[in-house]
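Trainee: Sharing a model that was predicted from the sequence below.
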Amino acid sequence: MKILFLGDVMGRAGRAAIVEGVPRLRAQWGLDFVIVNGENATGGMGLSGPHAQDLLVAGVDCLTLGDHAFDQKDMLQFIESEGRIIRPLNYAKGAPGRGARVFSDARGRKILVAQALGQVFMKRAFDDPFSALDAVLSAHVLGGAVQASVIDMHCEATSEKMGMGHFCDGRASLVVGTHTHVPTGDAQILPGGTAYLTDAGMCGDYLSVIGMEPGEPMRRFVTGMSKGRFVPAAGEATLSGVYVETNDRTGKALRIEMVRQGGRLAQAGP
């Protein structure tokens, strides 16, 4: 199975890059399944229903969220009617939507997508992501119930993301980190056959401070005071993420490649 995972969509520029880029990459690379983290797609904070629909219509098979899952209040209702959106497993008891779901690709192959929030350096205490994902992976055995599985580990600490990679090794096709908006260069296949990348980066304008126009973040860093709100940078966005090929029988990863398409970080893809 050929899987593309793209990192946090940042504002209007990121949405435009997805709408333009995903159909092209699906055709060029023969993609079977596309997953996009969309939690910053609306004004840099959360994801609205209409913007989610725009991304899905462009050819995204599944949208994951994060700690800003419900910053746009209409998502509280929209997620209940749109099963292709996944919020974190351990977000809050009673939160709407689902933290994991099994999808089917065009050939009927089953793919599990799940997301968890980390605990280290996060602003609020979430439930244990390791036990939450352990239960899901135990119920959806790789190479048995599902032909592939992808885990979106949404957190600040690189160490926690790496820990999750090793925890899931041999039980998931791909473990990929999101949230920090800065792509890492450590794409690898772990000993048990799980593809791993510490952070997918963002789909946004990299002439920025993690996707925001630099002026206000710089003012706060230098003076310790705020003058205005953060505004997403509006220049040409880079599609940033990871491409993985898996074995249909075992679900293990055969190939992993970092993806940087367009904008300031453009490079060749798979």
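Mentor: Arrived safely.

Trainee: Please count neighbours and contacts with C-alpha atoms only from this point.
Mentor: Fine.

Trainee: mind listing what residue 21 touches?
Mentor: Contact analysis of residue 21 by CA atoms under 8 Å, 6 or more residues apart in numbering lists residue 239.

Trainee: how far away is it from residue 220?
Mentor: In this view, residue 21 and residue 220 are 34 Å apart by CA to CA, to the nearest Å.

Trainee: Residue 35 belongs to a strand, doesn't it?
Mentor: Yes: assessed with DSSP: H, G, I helix; E, B strand; the rest coil, residue 35 lies in a strand.

Trainee: hang on, isn't it packed against residue 64?
Mentor: Yes: if you go by CA atoms under 8 Å, residue 35 and residue 64 touch, sitting 7.4 Å apart.

Trainee: the more surrounded of the two?
Mentor: residue 64 (26 against 23; other CA atoms under 10 Å).

Trainee: Beta-bridge partners for that one, please?
Mentor: According to DSSP bridges, the partner residues bridging residue 64 are residue 37, residue 86.

Trainee: what's residue 118 in contact with, if anything?
Mentor: Contacts of residue 118 were listed using CA under 8 Å, 6+ apart, and they are 126, 128, 129, 153, 154, 155, 156, 157, 160, 161.

Trainee: ok, now residue 155?
Mentor: 117, 118, 119, 120, 122, 161, 177, 178, 179, 180 are the contacts of residue 155 under CA under 8 Å, 6+ apart.

Trainee: again, 7 Å this time
Mentor: With contacts defined as CA atoms under 7 Å, 6 or more residues apart in numbering, residue 155 is in contact with 117, 118, 178, 179.

Trainee: ok, the first one touching residue 156?
Mentor: No: judged on CA atoms under 7 Å, residue 117 makes no contact with residue 156 at a distance of 9.2 Å.

Trainee: Grab the nearest non-local neighbour of residue 32.
Mentor: Excluding the flanking residues, the one nearest residue 32 by CA to CA, 6 or more residues apart in numbering is residue 2, at 5.2 Å.

Trainee: Any figure for the gap between that neighbour and residue 95?
Mentor: The value you get for residue 2 to residue 95, if CA to CA is used, is 32 Å.

Trainee: between those two, which one's more packed in?
Mentor: Between residue 2 and residue 95, counting by other CA under 10 Å, residue 2 is the more crowded of the two (17 against 14).

Trainee: Which helix or strand in the protein has the lowest average pLDDT?
Mentor: Within the chain, no helix or strand scores below helix 215-223, which has a mean of 93 by mean pLDDT, DSSP states H and E.

Trainee: Partner strands of the helix or strand following it, with direction?
Mentor: Counting by DSSP states H and E, the next helix or strand C-terminal to helix 215-223 is strand 239-246. Here strand 239-246 is paired, per DSSP bridges, with strand 2-6 (antiparallel), strand 253-261 (antiparallel).

Trainee: After the shortest one, which helix or strand is next?
Mentor: Past strand 2-6, further along toward the C-terminus, the next helix or strand under DSSP H and E is strand 8-9.

Trainee: Quick one: list the elements packing against that next one.
Mentor: Judged by 3 or more CA pairs under 7 Å, 6 or more residues apart in numbering; DSSP states H and E, the packing partners of strand 8-9 are strand 202-203.

Trainee: Mind listing the strands the strand it packs on pairs with, and their directions?
Mentor: Strand 202-203 is paired, per DSSP bridges, with strand 8-9 (parallel).

Trainee: could you give the mean pLDDT of the strand it pairs with?
Mentor: The average of the pLDDT scores along strand 8-9 is 98.

Trainee: now do stretch 257-265
Mentor: Here the average pLDDT along stretch 257-265 is 93.
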